[in-house]
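A.B. asks: Return atomic coordinates for the entry below.
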Amino acid sequence: MDAICLRCGTFKSNFQAPCPSCNFTPEDDIDIAKSRILGPLYSFSFGEDGATVDTGRSRSELEAIALEIKQGRPYEFPAEELEGVLKVYLSVQSDSPRQFLLALLPLYLGGLVLIVGLIYIIWVWPR
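C.D. replies: Numbering: from 1, shown residues only. You can find the predicted model right below:
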């Protein structure tokens, strides 16, 4: 088990998985970012400047946090860390498949024009 549930402190398979105990599934952006923080240690690099956000907790820290949550004391997320993880998550979400395909379109069209041009030169061009 890699992460703990924000609501009840139960360990679960990963930070976005539904909780096996209370069935809570992080769905909004803030809950997903918080859930990532309550997972294993990880470093994200993002942006044009290669900014790095370190997040997650060690196994022993997760066990202590889980116990606190189970005793009714919600975890206080460090504001700077939460902001950084949320920024990374939102930037990844904004990279939609449509944007990816649009970025590849000039390469595809350029290759297509090159192939058509070669076919024209080889078979049609007057000798």
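
A.B. asks: Enumerate every residue touching residue 34.
C.D. replies: 6, 26, 77, 82 (Cβ atoms under 8 Å, 6 or more residues apart in numbering). All C-beta spots, glycine's among them, are computed from the backbone N, C-alpha and C.

A.B. asks: wait, which of the residues you listed is closest to residue 67?
C.D. replies: When those are compared for distance to residue 67 (Cβ to Cβ), residue 6 comes out closest, at 14.4 Å.

A.B. asks: I'd assumed residue 39 was in contact with that closest one.
C.D. replies: No - Residue 6 lies out of contact with residue 39 (Cβ atoms under 8 Å); the separation is 11.0 Å.

A.B. asks: Counting neighbours, go ahead and name the busier of those two.
C.D. replies: Set residue 6 next to residue 39 and count neighbours by other Cβ atoms under 10 Å: residue 6 wins out with 22 against 18.

A.B. asks: check contacts around that one.
C.D. replies: Residue 6 neighbours (Cβ under 8 Å, 6+ apart): 24, 26, 31, 34, 35, 38, 69, 74, 75.

A.B. asks: What of residue 57?
C.D. replies: Residue 57 neighbours (Cβ under 8 Å, 6+ apart): 37, 38, 39, 40, 41, 65.

A.B. asks: Look up the closest residue to the last one, ignoring the ones flanking it.
C.D. replies: By the measure of Cβ to Cβ, 6 or more residues apart in numbering, the closest residue to residue 65 outside its immediate chain neighbours is residue 75, 5.3 Å from it.
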